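Undergrad: I need the structure of the sequence given here:
(2 chains)
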Number of protein chains: 2
Amino acid sequence: MDEFMKAAIEEAKLSLSEGGIPIGAVLERGGKIIARGHNKRVQENDPLMHAEIDCLRNAGRIGRYSACTLYSTLMPCYLCAGAVVQFNIPKVVVGESENFTGAKEFLKEHGVFITDLDLSECKTMMSDFIENNPDLWNEDIGVL
Amino acid sequence: MDEFMKAAIEEAKLSLSEGGIPIGAVLERGGKIIARGHNKRVQENDPLMHAEIDCLRNAGRIGRYSACTLYSTLMPCYLCAGAVVQFNIPKVVVGESENFTGAKEFLKEHGVFITDLDLSECKTMMSDFIENNPDLWNEDIGVL
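TA: Residues are numbered from 1 along each chain as shown, chains lettered A, B, ... in the order given. Down below sits the predicted model:
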């Protein structure tokens, strides 16, 4: 596994240790991590703080995203995929899309290049969390 | 004009008075304003703080959005439309879509009911801003 997905998984685990939803994200540019983030719905009582949104906020006003790749432990939902499309982030690498297919087709339709690493570590982390916290998970993806 | 769009325009003007991008939003439920927000890219150096995102953050963890209507002075971009679709917000009312067509078709495809009030006040406020601040506007919609 490359260092970027490894860092995204670290972020997901950090969220879990804080009592939050285990989804992490990293923004890469020029072979370096320029921002990291994780889901903070629980920690900050903020429904918008999905991992990818938190990561992009932490990156700040970087201007163009054309040389960036966004890594996430899970396929982005429409909120996060919307950010990817609006800001013209060309590449997304995900840890898995088995527990949540998210906005994969929407990203593809808009020409975003997706790599799904299909990692058992990500799949188990997410499925364990969903099994133990169904209400929290459903709240996060808006299907209450 | 109803009180909700009036409040969204107030938010847009508040942003302008703070040196920011004049876009405001309001979340309505049961005939009451439950949250307000405005674009804070400039004010907080935060590229994710579009008016609708700020508004939804201010609403907090309300659970279901099925009885909500999101008002915005401008047609939402993909980021904000992604939030609408993911959280199943059924209705969006916009002040205008002339300066920015945004993600109108995407919202429609996902069954969101859109009302475009086509208000000259909103159109002039936005076109004046874009004319005077083209770089800031292009940064906000990701077309640098």
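Undergrad: Can you name the element that comes right after the longest helix along chain A?
TA: Counting residues, the longest helix found in chain A (DSSP state H) is helix A:3-17. On the C-terminal side of helix A:3-17, the closest following helix or strand by DSSP states H and E is strand A:24-29.
Undergrad: could you dump that next one to PDB, C-alpha only?
TA: C-alpha atoms of strand A:24-29 as PDB (Å, rounded to 0.1, in the frame of the first residue of the first chain):
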ATOM      1  CA  GLY A  24     -10.100   9.200   6.600                       C
ATOM      2  CA  ALA A  25      -8.800  11.200   3.600                       C
ATOM      3  CA  VAL A  26      -5.600  12.600   2.300                       C
ATOM      4  CA  LEU A  27      -4.800  15.200  -0.400                       C
ATOM      5  CA  GLU A  28      -1.700  14.500  -2.400                       C
ATOM      6  CA  ARG A  29       0.200  16.800  -4.800                       C
END
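Undergrad: what's the spacing between A:Gly30 and A:Ala67?
TA: Distance of A:Gly30 to A:Ala67, given as C-beta to C-beta, to the nearest Å: 7 Å. Where C-beta positions appear, they are placed from N, C-alpha and C, glycine not excepted.
Undergrad: the more surrounded of the two?
TA: A side-by-side neighbour count of A:Gly30 and A:Ala67, using other C-beta atoms under 10 Å in any protein chain shown, places A:Ala67 first with 12 against 7.
Undergrad: what separates the residue of chain A found nearest chain B from A:Asp140, distance-wise?
TA: Closest residue of chain A to chain B, C-beta to the nearest C-beta: A:Gly82 (2.3 Å). Distance of A:Gly82 to A:Asp140, computed by C-beta to C-beta: 16 Å.
Undergrad: For the two, indicate the residue with more neighbours.
TA: Ranked by neighbour count (other C-beta under 10 Å), A:Gly82 and A:Asp140 place A:Gly82 first, with 29 against 25.
Undergrad: What is the three-state secondary structure of that one?
TA: helix (DSSP: H, G, I helix; E, B strand; the rest coil).
Undergrad: Not including adjacent chain positions, what is the nearest residue to it?
TA: Excluding the flanking residues, the one nearest A:Gly82 by C-beta to C-beta, 6 or more residues apart in numbering or on different chains is B:Gly82, at 2.3 Å.
Undergrad: Contacts only, for the most centrally placed residue in chain A.
TA: The centroid of chain A falls nearest to A:Ser72 when counting by C-alpha atoms, centre = their mean (3.4 Å). With contacts defined as C-beta atoms under 8 Å, 6 or more residues apart in numbering or on different chains, A:Ser72 is in contact with A:Ala8, A:Ile23, A:Gly24, A:Ala25, A:Ala51, A:Glu52, A:Cys80, A:Val92, A:Val93, A:Val94, A:Gly95.
Undergrad: got it, and A:Arg57?
TA: So A:Arg57 contacts A:Gly37, B:Asp46, B:Pro47, B:Leu48 (C-beta under 8 Å, 6+ apart).
Undergrad: Of the residues you listed, which is the most crowded?
TA: Counting by other C-beta under 10 Å, top hit in these: A:Gly37 with 26 neighbours.
Undergrad: Neighbouring strands - and their directions - for the host helix or strand of that residue?
TA: If you go by DSSP H and E, A:Gly37 is part of strand A:32-38. If you go by DSSP bridges, strand A:32-38 pairs up with strand A:24-29 (antiparallel).
Undergrad: for the partner strand, what is the average pLDDT?
TA: Averaged across strand A:24-29, the pLDDT comes to 98.
Undergrad: For the residue nearest to the centre of chain A, which non-adjacent residue is closest in space?
TA: Closest to A:Ser72 by C-beta to C-beta, 6+ apart is A:Ala25, at 4.5 Å.
Undergrad: can you count the residues close to the residue lying closest to A:Ile141 once chain neighbours are set aside?
TA: Once flanking residues are discounted, A:Ile141 sits nearest to A:Cys77: 6.0 Å by C-beta to C-beta, 6+ apart. The burial count assigned to A:Cys77 is 26, neighbours taken as other C-beta under 10 Å.
Undergrad: My read is that A:Cys77 contacts B:Gln86, right?
TA: Yes. When contacts are counted by C-beta atoms under 8 Å, A:Cys77 is listed as touching B:Gln86 (4.9 Å).
Undergrad: A helix includes A:Leu74, no?
TA: No. Under three-state DSSP, A:Leu74 falls outside any helix and is assigned coil.
Undergrad: dump the residue contacts of it.
TA: Counting by C-beta under 8 Å, 6+ apart, A:Leu74 has contacts A:Ile23, A:Ala51, A:Val94, A:Gly95, A:Glu96, A:Ser97, A:Asn99, A:Phe100, A:Gly102, A:Cys122, A:Met126.
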